[in-house]
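Asker: Okay, sequence plus prediction incoming.
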Amino acid sequence: MSSSSQEHPLPPARVEEVSDGVYAYLQPDGSWWINNTGFLAGRRGVVAIDACSTERRTRALREAIGKVSDRPITTLVNTHHHGDHTFGNWLFPEATIVGHEGVRDQIIAEGVPAYRAAWSPEVDWGKMEPTPPFLTFTDGVTVYSDDLRCEIRHVGHAAHTTNDSYVWIPERRLLFSGDLVFNGGTPFVLMGSVAGALEALGQLRELGAETVVPGHGEVCGPEAYEPVEGYLRFVQETALRGREAGLTPLEAARQTVLGEWGGLLDSERIVGNLHRAYAELDGHPLGAPIDLVTAVLDMVAYNGGRPLSCLA
């Protein structure tokens, strides 16, 4: 049931200047392990926002940055710990890597995560060298690209993961949301919280952004928050019905018509999201550890027993 089963090659990544000196690096199609990044090209150096999942993709990102600026990459910000945003950290040896303290903890704890095996074995990950942030924060930190203020803020609770931050540039009304926003892809909160992700979107609304660079998908505006919220509420409603009927998350997913959400990329994420929603219905704290192995295997089962599609 994976909706990202198209064959290579995907359209090439591209650089889009979203504000003066501020760039989004967009990687179609935004499905599993294919994320967006960004960077600010200042006079003295470059501030980069997130790496990519594979060595090849991160090297391509660095090459794209080099075509825009000949200044050194002084800073790399990680919006959260997931490998599509951090596996390429090791390719920024000259940069100060900045992230929430939970990003550092998770990268150290997971190393090279074994759950990669759930995706197609043809993925060429390249060299894998876990490299956590070495400048961490609890609530937030502010960095500057020349005189342009960039506020990096942790959302304060579990959402997409337990360690999500966004990068807000108030002078430009510009937001790099990380994976708090998926544009055209299925939101994924297995390692975070359904309720917390909804609350985080409320925080983003209060910022008043005019331009949003999502973690996956095309550059958008705040109108992209609404479908993410709608999907997450659909997950909560589906979990409540399934729990009342005595169904497992996998059984509930199989009996659910996705309707308007069926056209989103990677629709099998409904199963992982239901595992998280069930835990919240059972009273577990937001982001509390759950059985990730069973949840991932259930996504594979929902996908007809086939490895999940990854075109990275």
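Answerer: Ah, there it is. This one's a predicted model, so the numbers in the text were calculated from it and none came from an experiment.
Asker: Using the three-state scheme, assign the residue most central in space within the chain.
Answerer: In the chain, the centroid-proximal residue (C-alpha atoms, centre = their mean) is D179; its distance is 3.1 Å. Classification of D179 into helix, strand or coil gives strand, according to DSSP: H, G, I helix; E, B strand; the rest coil.
Asker: Show the pLDDT at it.
Answerer: Per-residue pLDDT puts D179 at 99.
Asker: How about P121?
Answerer: Reading off the confidence values, P121 has pLDDT 76.
Asker: And the residue lying closest to it once chain neighbours are set aside, what's its pLDDT?
Answerer: Nearest in space to P121, with sequence neighbours left out and distances taken as C-beta to C-beta, 6 or more residues apart in numbering, is P307 at 6.6 Å. Every residue, glycine included, has its C-beta placed from N, CA and C. P307 is assigned a predicted lDDT (pLDDT) of 94.
Asker: Go ahead and confirm P307 touches Y115.
Answerer: No - with the criterion set as C-beta atoms under 8 Å, P307 and Y115 do not qualify as a contacting pair; they are 11.6 Å apart.
Asker: other SSEs contacting the host helix or strand of E151?
Answerer: Assigned by DSSP states H and E, E151 falls within strand 148-154. Here strand 148-154 touches strand 140-145, strand 165-169, going by 3 or more C-beta pairs under 8 Å, 6 or more residues apart in numbering; DSSP states H and E.
Asker: pLDDT averaged over it, what's the number?
Answerer: For strand 148-154, mean pLDDT is 98.
Asker: Stretch 17-34 too?
Answerer: Confidence over stretch 17-34, taken as the mean pLDDT, stands at 98.
Asker: can you check stretch 98-118 too?
Answerer: Along stretch 98-118, the predicted confidence averages to a pLDDT of 96.
Asker: buried residues in that stretch?
Answerer: 98-100, 102-107, 110, 113, 116, 118 (16 or more other C-beta atoms under 10 Å).
Asker: Same check on stretch 175-187?
Answerer: For stretch 175-187, burial by neighbour count (16+ other C-beta under 10 Å) applies to 175-187.
Asker: tell me what the longest helix seen in the chain is packed against?
Answerer: With secondary structure taken from DSSP state H, the chain has its longest helix at helix 225-244. On a contact count with 3+ C-beta pairs under 8 Å, 6+ apart, helix 225-244 meets strand 174-182, helix 194-207, helix 249-254, helix 269-281.
Asker: Dump the helix or strand just after the longest one to CSV, keeping only the CA atoms.
Answerer: Yep, that's helix 194-207 we're talking about. Elements were assigned by DSSP H and E; along the chain past helix 194-207, the next helix or strand is strand 211-216. Presented in CSV, the C-alpha positions along strand 211-216 are these (Å, rounded to 0.1, in the frame of the first residue of the first chain):
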residue,chain,number,x,y,z
THR,A,211,6.5,31.1,4.1
VAL,A,212,7.1,27.5,5.4
VAL,A,213,9.8,25.1,4.4
PRO,A,214,8.4,21.7,5.5
GLY,A,215,10.5,18.7,6.3
HIS,A,216,9.1,17.0,3.3
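Asker: so strand 211-216 versus strand 174-182, what angle?
Answerer: For the pair strand 211-216 and strand 174-182, the angle between their directions (axes from the mean of the first three to the mean of the last three C-alpha atoms, to 10 degrees) equals 40 degrees.
Asker: contacts for strand 211-216?
Answerer: Strand 211-216 is contacted by residues 18-19, 24, 30-31, 34-36, 38, 79, 85, 160, 172-185, 204, 219-222, 224, 265 when judged by C-beta atoms under 8 Å, 6 or more residues apart in numbering.
Asker: now do 6 Å
Answerer: Outside strand 211-216, the residues within contact range by C-beta atoms under 6 Å, 6 or more residues apart in numbering are 18, 24, 30, 35, 38, 174-179, 181-183, 185, 219-220, 224.
Asker: Give me the neighbour count for the nearest residue to G140 once chain neighbours are set aside.
Answerer: If you skip the residues right next to it in sequence, G140 has R153 as its closest partner in space, 4.0 Å away by C-beta to C-beta, 6+ apart. Close neighbours of R153, defined as other C-beta atoms under 10 Å, add up to 18.
Asker: Could you number the chain from 2 rather than 1 from now on?
Answerer: Right, with 2 as the first residue, what we last looked at is R154.
Asker: So in terms of bridging, what pairs with R154?
Answerer: Per DSSP bridges, the residues bridged to R154 are G141, Y167.
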